[in-house]
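K.L.:
build me a model from this:
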Amino acid sequence: MNSNLKYRHELKFLINYHQFYLISNRLRNLMSRDKHAGPKGEYHIRSLYFDDISNKALHEKLGGVRDRVKYRVRIYNVEDNVIHFEKKIKRNDYIAKVKEPLTRDMYEAIIAGNYEVLRQPDKPFMMELYNEMTHNFLRPKVIVDYVREPYVCRNGNVRITFDKELRTGLHSTDIFNKELNSVRAIDENLIILEVKYDEYLPGYIQTALQLQGLTRQSASKYVICRKFLKFNTWEDH
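P.N.:
Okay, here's the model as predicted:
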């Protein structure tokens, strides 16, 4: 593992609304709401995922490759005040994230095919993106859209999220479109539960989650949405 990165545990489960109500009611008494959550305890996430000319990220996930990366641009509540280009790194059962902020103009330039905005030699991740786009034809593939209900705990640096209403944009890279033509990509009764933590998961949270009654999934939102669109890919221009 790269010692400069902070790797964390990540567990994913597909649960139904009955399980969601039971677990979330327990967690409300044990954990804090994420400070970024709105009045309903939620916020909206929209990500534009990228893949290369051979759809490496998609095929490695489907093929069960344990060490892999994914690239995405992420925004919140369909606003442009916070835009990040992110790389999610998976090593065995651990995950890490590298990210750099983008301006709206930089985002628009990248979508238009002007990758020179990424050529910033003092920022290794930006240079990595520049090389991926110019040499491996990293391109936007699919929009992933959902509502997140997050809980946090300082003990173990635990973060538990319920991701609801998973939707995908139909052949669009316009993540700032508030009227995006999107469709549900997962059964409407299903929610993705994610449990992230550092060295340990406190016992009282384990008890509240009752993980032994849940089936762990490899619930990649990117793959779910790509499979929903039947592996359609973008034309490179």
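K.L.:
may I have the one helix or strand in the chain whose mean pLDDT sits lowest as PDB, with CA atoms only?
P.N.:
Scoring the helices and strands of the chain by mean pLDDT, DSSP states H and E places helix 221-228 at the bottom, with a mean of 85. The C-alpha coordinates for helix 221-228 follow below in PDB (Å, rounded to 0.1, in the frame of the first residue of the first chain):
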ATOM      1  CA  LYS A 221     -22.900   2.300  -8.000                       C
ATOM      2  CA  TYR A 222     -20.800   2.900 -11.100                       C
ATOM      3  CA  VAL A 223     -21.200  -0.700 -12.200                       C
ATOM      4  CA  ILE A 224     -24.900  -0.800 -11.300                       C
ATOM      5  CA  CYS A 225     -25.500   2.200 -13.500                       C
ATOM      6  CA  ARG A 226     -23.300   1.100 -16.300                       C
ATOM      7  CA  LYS A 227     -25.000  -2.400 -16.400                       C
ATOM      8  CA  PHE A 228     -28.400  -0.700 -16.300                       C
END
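K.L.:
now do the buried residues in it.
P.N.:
Judged by neighbour count using 16 or more other CB atoms under 10 Å, the buried positions of helix 221-228 are K221, Y222, V223, I224, C225, R226, F228. For glycine as for every other residue, the C-beta is placed from the backbone atoms N, C-alpha and C.
K.L.:
contacts for stretch 22-38?
P.N.:
15, 41, 43, 76-77, 149-153, 158-160, 162, 193, 204-205, 208-210 (CB atoms under 8 Å, 6 or more residues apart in numbering).
K.L.:
so which of these sit within strands?
P.N.:
15, 43, 76, 149-153, 158-160, 162, 193 (DSSP state E).
K.L.:
among the residues you listed, which two are most distant?
P.N.:
Largest separation among these by CB to CB: I15 and Y76, giving 23.4 Å.
K.L.:
who has more neighbours out of these two?
P.N.:
I15 (21 against 16; other CB atoms under 10 Å).
K.L.:
that one contacts L214, correct?
P.N.:
Yes: if you go by CB atoms under 8 Å, I15 and L214 touch, sitting 6.6 Å apart.
K.L.:
now do the shared contacts for the two.
P.N.:
Common contacts of I15 and L214, defined by CB under 8 Å, 6+ apart, comprise L193.
K.L.:
skipping its backbone neighbours, what lies nearest R119 in space?
P.N.:
Excluding the flanking residues, the one nearest R119 by CB to CB, 6 or more residues apart in numbering is Y130, at 5.0 Å.
K.L.:
so where does F13 fall, helix or strand?
P.N.:
strand 8-16 (DSSP states H and E).
K.L.:
returning to what we had before: doesn't L118 make contact with the residue nearest to R119?
P.N.:
Yes: shown here, Y130 and L118 form a contact pair, counting by CB under 8 Å, at 3.9 Å.
K.L.:
between those two, which has more neighbouring residues?
P.N.:
A side-by-side neighbour count of Y130 and L118, using other CB under 10 Å, places L118 first with 23 against 20.
K.L.:
contacting residues around that one?
P.N.:
M106, I110, M126, M127, L129, Y130, M133 are the contacts of L118 under CB under 8 Å, 6+ apart.
K.L.:
inside helices: which ones of those residues?
P.N.:
M106, I110, M126, M127, L129, Y130, M133 (DSSP state H).
K.L.:
now do the helices in this structure.
P.N.:
According to DSSP H, the helices that the chain contains are 17-27, 56-62, 104-111, 124-135, 203-209, 221-228.
K.L.:
which strands or helices does the fourth one pack on?
P.N.:
With contacts defined as 3 or more CB pairs under 8 Å, 6 or more residues apart in numbering; DSSP states H and E, the packing partners of helix 124-135 are strand 83-91, strand 94-101.
K.L.:
please apply the same query to the third one.
P.N.:
Taking 3+ CB pairs under 8 Å, 6+ apart as the contact definition, the neighbouring helices and strands of helix 104-111 are strand 83-91.
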